[in-house]
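Enquirer: Compute the structure for the input listed below.
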Amino acid sequence: MFEPDSRYYKIPNSYYVKPDGKKIGYKQRRFLPDESMITKLGQINIPQEERLDILSWKTLGNPKLAWRICDANPILKSQTCFAAARQTIQIPKPQV
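Expert: Now for the predicted structure:
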């Protein structure tokens with residue numbers, strides 16, 4: 001259902017069975033990890049406003065992994081998709 005670089009890839013599937021017997025699949029809820037449990041590569045200072053997908057491409061080699069940067073930095077708002085200028089953020093170690 002989801003590609004391996006998706007935040008939902010490892011989330012288990014569940015199923016709801018309607019009264020007519022039809023089975024509907026869905027993903028279980030994803031809980032944010034405890035940021036202290038995320039292995040970090042280091043931290044960087046953002047010199048200017050930077051889109052998280054570009055920052056993810058520069059640091060993790062994949063723009064689709066911006067969600068990992070958000071998980072490691074709860075101060076970031078993924079809805080805005082920007083890291084503020086002069087902000088110091090943690091870069092998570094890529095997971096295999």
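Enquirer: Excluding chain neighbours, give the residue nearest to the residue positioned nearest the centre of the chain in space.
Expert: Central residue of the chain (CA atoms, centre = their mean): W67, 1.9 Å from the mean position. Counting by CB to CB, 6 or more residues apart in numbering, R7 is the residue found nearest to W67 once chain neighbours are left out, at 4.5 Å. C-beta: built from backbone N, CA, C; applies to glycine.
Enquirer: And the strands in this protein?
Expert: Along the chain, the stretches classed as strands by DSSP state E are 13-17, 23-27, 40-45, 50-51, 82-83, 88-92.
Enquirer: Make JSON lines from the ones you listed and add mean neighbour count and mean pLDDT to it.
Expert: Output for the strands of the chain, formatted as JSON lines (neighbours: other CB atoms under 10 Å; pLDDT from 0 to 100):
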{"stretch": "strand 13-17", "mean neighbour count": "9", "mean pLDDT": "96"}
{"stretch": "strand 23-27", "mean neighbour count": "10", "mean pLDDT": "95"}
{"stretch": "strand 40-45", "mean neighbour count": "12", "mean pLDDT": "88"}
{"stretch": "strand 50-51", "mean neighbour count": "16", "mean pLDDT": "82"}
{"stretch": "strand 82-83", "mean neighbour count": "22", "mean pLDDT": "68"}
{"stretch": "strand 88-92", "mean neighbour count": "18", "mean pLDDT": "87"}
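Enquirer: Format the ones you listed as a markdown table; extra columns: distance to E3.
Expert: Converted to a markdown table, these look like this (distance: least, CB to CB, whole Å):
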| stretch | distance to E3 |
| --- | --- |
| strand 13-17 | 15 |
| strand 23-27 | 13 |
| strand 40-45 | 23 |
| strand 50-51 | 20 |
| strand 82-83 | 24 |
| strand 88-92 | 18 |
